[in-house]
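A.B. asks: My questions are about this predicted structure, shown below with the sequence.
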Amino acid sequence: MTKDNNSSSLVRLNIGGKKFCTTIDTLTQREPDSMLAAMFSGRHAIYEDPEKGYVFVDRDGKHFRHILNWLRDGVVPTLTDVEYSELIREAEYYQLLGLIEGINAALNARKEVDELDSELTRTDIIKCIQSKRVRFRGVNLTGLDLSKLDLSFVDFSYACLKNVFFSRANLQSAKFRNVDAEGSKFFNATLRECEFTDANLRGAVLAGANLQSANLQDACLIGCSFCGADLRTAHLQTADLTNANLEGANLEGANLKGAKLNNANLKGANLQRAYLRQVNLQNAHLEDAKLDGANLVGAIR
């Protein structure tokens, strides 16, 4: 063991042949009652190879990086059930009770999601909302009618939402990261401050929707209808709006840096103070569009 500039002891570990480097603070502070904390508390003799400077522990080192990351950050890794079982075995050996509790909580959460199968009905969704079980990450909700429901702040990330009816639903601040929502209907829905990063919304209908300050960066919006939608200060950087219909949409202050607008319909759209630097507008339809104060530096028209 050596000292660094912050007087924190560096420790080199050999866990069953895998080499790691960490500090005594990492090994002792988060789980002070663990075996690792006891080993490096100074109260016990430990075996250190005098030539190579590594403390040897006769355990499988496969998951020890997850143990170190837990001790550093308190974050439980996302693993398969089999890997969790292996990691629990190591956590039990090292007496890391906090990590064991965290893994069990992750497994219970996964079980809850698995119970929300593709056979969910509108009634099931309403029951989930009423019981505050409102996380649908990775769930298949294809074709459901969820119109007019209060789904604000719900996390739909990675879910399959093809052809779902969200018309007039309250989805404020909901998360739609990486969802497949092709053909879904968001007509007149409230989508303020929603996150649609990397989402597939090809052919979706968002006409009349309130998307103020929504994040649609890198989203696939090909053929989407945004007629009359409120997209003020929305984030549309590098989104693909090819063939999208934005006629009469309010894009005041929206950021469209790097967006693809090939054959997009922007007739009568409000693009005042929008960020359109270096955007190719050559094939977009801009008849009667308002561009006052828009940043068009380098834009192709």
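C.D. replies: Yep, that arrived. Numbering: from 1, shown residues only.
A.B. asks: contacting residues for I67?
C.D. replies: With contact taken as C-beta atoms under 8 Å, 6 or more residues apart in numbering, I67 is in contact with L87, E90, A91, Y94, L96, L99. C-beta coordinates here come from the backbone N, C-alpha and C atoms, glycine included.
A.B. asks: pLDDT added to these, as CSV?
C.D. replies: Output for the contacts of I67, formatted as CSV (pLDDT from 0 to 100):
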residue, pLDDT
L87, 95
E90, 94
A91, 94
Y94, 92
L96, 94
L99, 93
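A.B. asks: Report the two of the residues you listed separated the most.
C.D. replies: L87 and Y94 (10.6 Å; C-beta to C-beta).
A.B. asks: Tabulate the contacts of I67 (a markdown table), appending neighbour count.
C.D. replies: Listed next are the contacts of I67 as a markdown table, based on neighbours: other C-beta atoms under 10 Å:
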| residue | neighbour count |
| --- | --- |
| L87 | 23 |
| E90 | 19 |
| A91 | 24 |
| Y94 | 22 |
| L96 | 25 |
| L99 | 25 |
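A.B. asks: Select from those every entry located in helices.
C.D. replies: Per DSSP state H, helices hold the following members of the contacts of I67: L87, E90, A91, Y94, L99.
A.B. asks: Which of these sits closest to R122?
C.D. replies: Nearest to R122 among the ones in helices among the contacts of I67, with distances taken as C-beta to C-beta, is L87, at 38.4 Å.
A.B. asks: With adjacent residues omitted, what lies nearest to the closest one?
C.D. replies: H63 (4.7 Å; C-beta to C-beta, 6 or more residues apart in numbering).
A.B. asks: What pLDDT does the model give that neighbour?
C.D. replies: Listed pLDDT for H63 reads 94.
A.B. asks: pretty sure it contacts S85?
C.D. replies: No - in this structure H63 lies outside contact range of S85 using C-beta atoms under 8 Å: 10.5 Å.
A.B. asks: where do the strands sit along the stretch 151-300 of the chain?
C.D. replies: Counting by DSSP state E, counting those that start in this stretch, the stretch 151-300 of the chain has no strands at all.
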